[in-house]
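Chemist: this is the structure alone, sequence omitted:
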């Protein structure tokens with residue numbers, strides 16, 4: 001059984017599951033899994049305020065056709081954690097273009113949050129996604145003195 005978006009984030013924050021397990025719960029929604037909690041009034045705003053990354057996946061998981069296996073999405077973020085840009089590109093290339101642009105959108109947000117300028121540059125270069133307000137909010141938090149490489153991107 002998978003967790004809803006907010007529960008996955010909170011459970012990870014409490015140290016009860018790993019980031020990998022959290023991603024598995026988030027991407028389960030791409031296979032058509034639904035939870036009542038994900039549709040309760042006000043949940044979108046609460047998720048956006050609490051976990052913009054999870055919110056980004058929540059938004060696009062409802063827009064894509066359900067997939068049989070969400071492992072390729074998880075593999076992109078596994079490659080992200082390893083930090084190998086060529087491996088990330090390879091994992092993104094496995095996805096269809098519609099899926100890849102949404103994954104790049106979430107990947108760009110995570111790279112911005114974590115100030116990973118090389119991966120952020122890759123996502124922005126490949127593009128194909130709209131910049132949402134929550135991405136702009138994170139951009140505005142970048143400080144040139146503390147994050148000069150990310151600031152340059």
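Modeler: Alright, I've got the coordinates. The structure displayed is predicted, hence computed values, not measured ones. Residues are numbered from 1 along each chain as shown.

Chemist: where does pLDDT dip in this structure?
Modeler: Within the chain, not a single segment meets pLDDT under 70.

Chemist: 90 instead?
Modeler: Applying pLDDT under 90 to the chain flags the ranges 1-5, 32-47, 62, 83, 96, 127-144, 147-153.

Chemist: what's the longest helix in it?
Modeler: Taking DSSP state H as the criterion, the chain has its longest helix at helix 97-113.

Chemist: mind giving me the packing neighbours of that helix?
Modeler: With contacts taken as 3 or more C-beta pairs under 8 Å, 6 or more residues apart in numbering; DSSP states H and E, helix 97-113 sits against helix 52-61, helix 71-82, helix 85-94, helix 117-126, helix 133-140. Where you see a C-beta, it was placed from the backbone N, CA and C, and this is true even at glycine.

Chemist: of those helices, which stretch is the most buried?
Modeler: Neighbour counts (mean count of other C-beta atoms under 10 Å) averaged over each of the helices and strands packed on helix 97-113 peak at helix 52-61, with a mean of 22.

Chemist: quick one, that helix and helix 97-113 angle?
Modeler: Using axes from the mean of the first three to the mean of the last three C-alpha atoms, to 10 degrees, the inter-axis angle of helix 52-61 relative to helix 97-113 is 170 degrees.

Chemist: didn't residue 79 look like it was pressed against residue 87?
Modeler: Yes: using C-beta atoms under 8 Å, residue 79 is in contact with residue 87, at 4.2 Å.

Chemist: from residue 65, how far off is the closest residue to residue 17 other than its chain neighbours?
Modeler: With sequence-adjacent residues excluded and distances taken as C-beta to C-beta, 6 or more residues apart in numbering, residue 17 is closest to residue 11, at 5.0 Å. Using C-beta to C-beta, to the nearest Å, residue 11 is found at 28 Å from residue 65.

Chemist: neighbour count winner among these two?
Modeler: Ranked by neighbour count (other C-beta atoms under 10 Å), residue 11 and residue 65 place residue 11 first, with 15 against 9.
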